[in-house]
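Build me a model:
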Amino acid sequence: MEPKGNQDPPFEFWYGRYIYVLAASANGERKVVDHRIEYYRTTDKELDKDKWGFRAKILALLKK
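Coordinates of the predicted model:
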């Protein structure tokens, strides 16, 4: 469910992304986790607003 135009992404959008990274982390796929986190940090400005609290959760996966 990609947001359209300048719309704020809905909760489900970031929840899905978080679950994807969380699953990759649980499966030991560090390359996937690191790549996705770096991508989110550099391209997804909506993540910087952290409206739903997923920035902190996703970045916490870097420490694992």
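
Give me the next element, helix or strand, following the helix or strand of the chain with the lowest mean pLDDT.
Scoring the helices and strands of the chain by mean pLDDT, DSSP states H and E places helix 45-49 at the bottom, with a mean of 69. Going down the chain from helix 45-49, the next helix or strand is helix 54-60, by DSSP states H and E.

just how off-centre is that following helix within its chain?
7 Å (Cα atoms, centre = their mean, to the nearest Å).

now do stretch 34-43
Centre-to-centre, stretch 34-43 and its host chain are 8 Å apart (Cα atoms, centre = their mean).

what do you get for stretch 53-64?
For stretch 53-64, the distance to the chain centre is 8 Å (Cα atoms, centre = their mean).

Can you list the buried residues in that stretch?
Neighbour-count burial for stretch 53-64, with 16 or more other Cβ atoms under 10 Å as criterion, is recorded at 54-55, 58, 61. No exception for glycine: its C-beta is placed from N, CA and C like everyone else's.

Ala24: what's it in contact with?
Counting by Cβ atoms under 8 Å, 6 or more residues apart in numbering, Ala24 touches 32-33, 36.

Okay then, goodbye and thanks.
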